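1. sequence unavailable; structure follows:
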């Protein structure tokens, strides 16, 4: 699950070049009496957060971006794993493991979005924010969503059917495909991100008050519990309010970077790693329990265990310097394009892959199934990255957010 609010999938700037963060926004004078922004902190914020610390964490966000999009592409590349029913318990555990791997990245993207959004949040109105993000974020998203729908339309009606089908039925089908693209495909992330950013802008005078953080936490917790009771839709793509918390956490991370940096330094890896491993196991378990209960989005990203896991993985990445090689791949420049393009590639690939899996009874051999899954993922993410690279270098760079 694109800079987004200041997009976590990458910030497109002039000529497609990544834009370096240059400033950190401060709370307005009207909110310095809150729990997280006492006057002494506000006055000394710029001095306490050194440019080196901010630059270092901005670079680490690129690492998070790449690993998060890898998780998301993995989740979208899964063929049949969500629907197949295994008898052996060992196969069920493996199934949960593979599905959970594709659910870690979403929360991270919202946190990154909030981290960079904090730079300009206080200067935006909803209108100026939408105008600012229109060409670099909204228009590319809408263009690829439209392309996604058109491909599906041709797959369903075939080319002759486009002209012979009842026009009213075709229009209804197009509407349904757009709805499915937003609420049941990868394209849900952008409208939810924009909604979250706009909500934070509306309540920007209260962002650093304790009650606001508690309110957002309660809303997200409601969606976690809702998975078990289905009071409202369990579809994670419809849980718009549930993701605002994570963007808010990103804002707080930026606002209190000095304190967070000190905390991360004190957290030993030997504590974080076992905690993340335990959280992963619990997330697999919760997903399987929800699946056995008949939950329609059993491995959705808004599960309590998945949220905890995502936060721990996020901290681990901020803690380590072992992924500095990621910078060579320029995640900030390419990840939004990967997000947009991989859905199109999978849409074209999946019908052929599904046919191949059925014809050769792939799932009768679990090792063959896993091997094929690894190959599919590697091909999809490598091909997508290559396509985005060449698009960025061409005159069509604007279609993936280049200005």
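-> Sure thing, it's come through. For clarity, every value in this text was computed on a predicted model and none was experimentally measured.

2. where in this structure is pLDDT low?
-> For the chain, the stretches with pLDDT under 70 are 1-49, 402-403.

3. residue with max distance from the center of it?
-> For the chain, the residue at maximal distance from the C-alpha centroid (C-alpha atoms, centre = their mean) is residue 164, at 39.5 Å.

4. separation between that one and residue 154?
-> 14 Å (C-beta to C-beta, to the nearest Å). Placement of C-beta: from N, CA and C, glycine included.

5. what segments of the stretch 201-350 of the chain are strands?
-> Along the stretch 201-350 of the chain, no stretch is classed among the strands by DSSP state E, counting those that start in this stretch.

6. tell me which stretches of it form helices.
-> Under the criterion DSSP state H, counting those that start in this stretch, helices of the stretch 201-350 of the chain are mapped to 210-229, 244-255, 257-266, 269-292, 304-319, 331-359.

7. can you redo those as JSON lines with mean neighbour count?
-> What follows is these, written out as JSON lines (neighbours: other C-beta atoms under 10 Å):
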{"stretch": "helix 210-229", "mean neighbour count": "16"}
{"stretch": "helix 244-255", "mean neighbour count": "25"}
{"stretch": "helix 257-266", "mean neighbour count": "14"}
{"stretch": "helix 269-292", "mean neighbour count": "17"}
{"stretch": "helix 304-319", "mean neighbour count": "21"}
{"stretch": "helix 331-359", "mean neighbour count": "19"}
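
8. how about these, which one is nearest residue 186?
-> Each of those was checked against residue 186 via C-beta to C-beta, and the shortest separation belongs to helix 331-359, namely 4.6 Å.

9. show me how far that closest one is from its chain's centre.
-> When C-alpha coordinates are averaged (C-alpha atoms, centre = their mean, to the nearest Å), helix 331-359 and its chain have centres 16 Å apart.

10. any idea which helix or strand comes after it?
-> Counting by DSSP states H and E, the element after helix 331-359 in chain order, helix or strand, is helix 366-393.

11. circling back to that earlier point, reformat the helices of the stretch 201-350 of the chain as JSON lines; add distance to residue 385.
-> Output for these, formatted as JSON lines (distance: least, C-beta to C-beta, whole Å):
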{"stretch": "helix 210-229", "distance to residue 385": "32"}
{"stretch": "helix 244-255", "distance to residue 385": "25"}
{"stretch": "helix 257-266", "distance to residue 385": "29"}
{"stretch": "helix 269-292", "distance to residue 385": "26"}
{"stretch": "helix 304-319", "distance to residue 385": "20"}
{"stretch": "helix 331-359", "distance to residue 385": "6"}
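
12. and residue 149, which of the ones you listed is closest to it?
-> Taking C-beta to C-beta, helix 331-359 is the member of those nearest to residue 149, at 10.0 Å.

13. show me what the closest one packs onto, helices and strands only.
-> Judged by 3 or more C-beta pairs under 8 Å, 6 or more residues apart in numbering; DSSP states H and E, helix 331-359 is in contact with helix 51-77, helix 139-164, helix 366-393.

14. residue 203 is nearest to which of the helices of the stretch 201-350 of the chain?
-> Distances from residue 203 to each of the helices of the stretch 201-350 of the chain were compared using C-beta to C-beta; the minimum, 6.5 Å, belongs to helix 210-229.

15. chain center to that closest one, what's the gap?
-> A distance of 19 Å separates the centroid of the chain from that of helix 210-229, by C-alpha atoms, centre = their mean.

16. now the angle from it to helix 244-255?
-> Direction vectors for helix 210-229 and helix 244-255, defined by axes from the mean of the first three to the mean of the last three C-alpha atoms, to 10 degrees, enclose an angle of 140 degrees.

17. now helix 210-229 and helix 304-319, what's the angle there?
-> With the same axes, to 10 degrees as the basis, helix 210-229 and helix 304-319 are set at 130 degrees to each other.

18. show me what helix 210-229 packs onto, helices and strands only.
-> Using 3+ C-beta pairs under 8 Å, 6+ apart as the contact criterion, the elements in contact with helix 210-229 are helix 244-255, helix 304-319.

19. tell me which of these sits nearest to residue 269.
-> helix 304-319 (6.3 Å).

20. how about residue 100, nearest residue that isn't a chain neighbour?
-> The spatial neighbour of residue 100 that comes closest, neighbours along the chain excluded (C-beta to C-beta, 6 or more residues apart in numbering), is residue 284 at 4.9 Å.

21. doesn't residue 98 make contact with residue 373?
-> Yes: here residue 373 reaches residue 98: they are 6.9 Å apart, a contact under C-beta atoms under 8 Å.

22. tell me, what's touching the two both at once?
-> Where contact means C-beta atoms under 8 Å, 6 or more residues apart in numbering, the residues bridging residue 373 and residue 98 through contact with each are 78, 81.

23. I'd like to know how far residue 149 sits from residue 340.
-> On the measure of C-beta to C-beta, residue 149 and residue 340 end up 14 Å apart.

24. do residue 167 as well
-> If you measure residue 167 against residue 340 using C-beta to C-beta, the figure is 29 Å.

25. and what of residue 314?
-> In terms of C-beta to C-beta, residue 314 sits 23 Å off from residue 340.

26. what do you get for residue 253?
-> In this structure, residue 253 and residue 340 are separated by 26 Å, where distance is defined by C-beta to C-beta.

27. number of residues surrounding residue 179?
-> 11 (other C-beta atoms under 10 Å).
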